[in-house]
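In: using only what follows, build the 3D model:
(one chain, ligands or ions: 1)
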Amino acid sequence: MELTDLVGAAVRGGLSWGSDTLARLRQRAGMDGPRPCDALILDVDDTLVDTSAAMRAAARAAALEVWPESGAAAREAFAEHFLSDPRGIFDRYTAGELRFHEMRKARIEAAAQDLGLLWEPRRYRRYCSGFDPAFAAAQRLFPDAMPAVQAAERWGITVVLLTNSSTAATRMKLQVLGVSDRFPHVVTTDTLGIGKPDPAVFLHACELAGAAPEDCIAVGDSYANDVAAARDAGLRALWLDRTGTGVGGEPPAIRSLAELPAALTRAV
Ligand SMILES: [Mg+2]
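Out: Have a look, this model is predicted:
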């Protein structure tokens with residue numbers, strides 16, 4: 001929340017303007033008190049960016065290119081299979097076993113096999129001609145993403161993006177969304193050849209921020225990759241549970257990044 005927003009909120013709330021009002025509003029917005037950490041290690045996909053929706057839209061478009069005779073239900077089934085990745089093929093990419101394009105081809109092949117769709121590797125270029133432009137066009141930041149980043153920056157917290165996606169895909173997302181200049185520190189699976197949950201990527205992100213792991217807080221939507229793995233690496237962590245799924249006995253989770261400033265304060 002900017003200062004002007006705080007002033008606006010004060011006026012709309014019928015409050016007289018003064019330092020007490022500002023202090024009260026800052027407290028309400030969770031922006032008061034000591035800086036809760038030196039760096040925020042932020043996940044990208046399904047944390048800042050609605051990647052699941054973009055992948056679903058892109059996979060539908062790709063299926064239309066490759067299987068034009070298929071019906072809408074078949075294309076939807078393909079998109080869901082591609083996204084949910086039941087064989088865990090994406091994990092083999094983040095473990096360094098597959099390159100990005102090998103991973104993507106394997107996921108297409110697995111979905112086609114399981115759904116009885118005809119797939120030939122020579123169709124891959126056609127698949128990409130459907131998927132890639134649709135994926136770029138479908139990029140959306142969650143409305144709570146940049147206000148949370150701005151709140152952290154006002155506190156003097158360094159923000160580092162840590163994503164299991166590829167460097168090329170991440171660069172595209174940030175450029176399309178017009179925020180690439182906002183994030184000088186980005187760590188992808190390509191940076192070290194491995195991704196989360198390996199502790200090495202968290203330690204590398206902390207190093208980029210110039211902060212000790214215990215002075216960094218990781219935030220992301222995957223409990224295993226963004227919370228448990230971050231803690232194993234010596235960081236503190238907050239789980240962004242947008243769907244309210246929950247994990248037994250596990251506080252603190254936030255449902256929206258709008259809750260982040262207050263949650264960071266509690267995490268001091
Ligand atoms: Mg994520």
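In: in contact with residue 253, which residues?
Out: 238-241, 246-247 (Cβ atoms under 8 Å, 6 or more residues apart in numbering). Every residue, glycine included, has its C-beta placed from N, CA and C.
In: count of neighbours near the spatially closest residue to residue 247 that is not a sequence neighbour?
Out: Closest residue in space to residue 247, ignoring its immediate chain neighbours: residue 223 at 5.3 Å, by Cβ to Cβ, 6 or more residues apart in numbering. Other residues near residue 223 come to 18 when the count uses other Cβ atoms under 10 Å.
In: what's the answer for residue 222, then?
Out: Neighbourhood size, residue 222 [other Cβ under 10 Å]: 18.
In: ok, now how distant is it from residue 182?
Out: 22 Å (Cβ to Cβ, to the nearest Å).
In: and what of residue 260?
Out: 16 Å.
In: same deal with residue 40?
Out: The gap separating residue 40 from residue 182 is 13 Å, by Cβ to Cβ.
In: returning to that earlier point: the residue nearest to residue 247 reaches residue 246, doesn't it?
Out: No. Using Cβ atoms under 8 Å as the test, residue 223 is too far from residue 246 to be in contact (9.4 Å).
In: ok now do the nearest residue to residue 35 once chain neighbours are set aside, which residues does it touch?
Out: Spatial nearest neighbour of residue 35, chain neighbours left out: residue 155 (5.0 Å); criterion: Cβ to Cβ, 6+ apart. Neighbour list for residue 155: 31, 35-36, 261, 264 [criterion: Cβ under 8 Å, 6+ apart].
In: make JSON lines from the residues you listed and add neighbour count to it.
Out: As requested, the contacts of residue 155 are arranged in JSON lines below (neighbours: other Cβ atoms under 10 Å):
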{"residue": "31", "neighbour count": "18"}
{"residue": "35", "neighbour count": "13"}
{"residue": "36", "neighbour count": "20"}
{"residue": "261", "neighbour count": "22"}
{"residue": "264", "neighbour count": "26"}
